[in-house]
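# this one's structure only:
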């Protein structure tokens, strides 16, 4: 869904480096990161690292949207709506 500008022409790059991090998906034009989190992201240590990472990315001017694997598979329209809302 994020490939080839399928959401209103916005192009996302997969495994996009930003500072010392690698974003799951990023759109430079929107300064938007989309993170897809599996079950490991529910663990306490990982939650803390994710929070620090998101805070640092936001300090660099990026917005971070997080979704679970389940949301990606069962509600892809939720992701498209969130991207469109950010772009507006």
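Structure's in. What do you need? Note that the structure is a prediction, hence the values are computed from the model and not measured.
# for the protein, which helix is longest?
Assignment by DSSP state H gives helix 44-59 as the longest helix of the chain.
# in the helix or strand following it, what's buried?
The first helix or strand that comes after helix 44-59 along the chain, using DSSP states H and E, is strand 63-68. Buried residues in strand 63-68, counted by 16 or more other C-beta atoms under 10 Å: 64, 65, 67, 68. For glycine as for every other residue, the C-beta is placed from the backbone atoms N, C-alpha and C.
# can you give me the angle the helix or strand bottoming out on mean pLDDT in the chain makes with strand 63-68?
Lowest by mean pLDDT, DSSP states H and E among the helices and strands of the chain is helix 44-59, with a mean of 86. Calculated by axes from the mean of the first three to the mean of the last three C-alpha atoms, to 10 degrees, helix 44-59 forms an angle of 150 degrees with strand 63-68.
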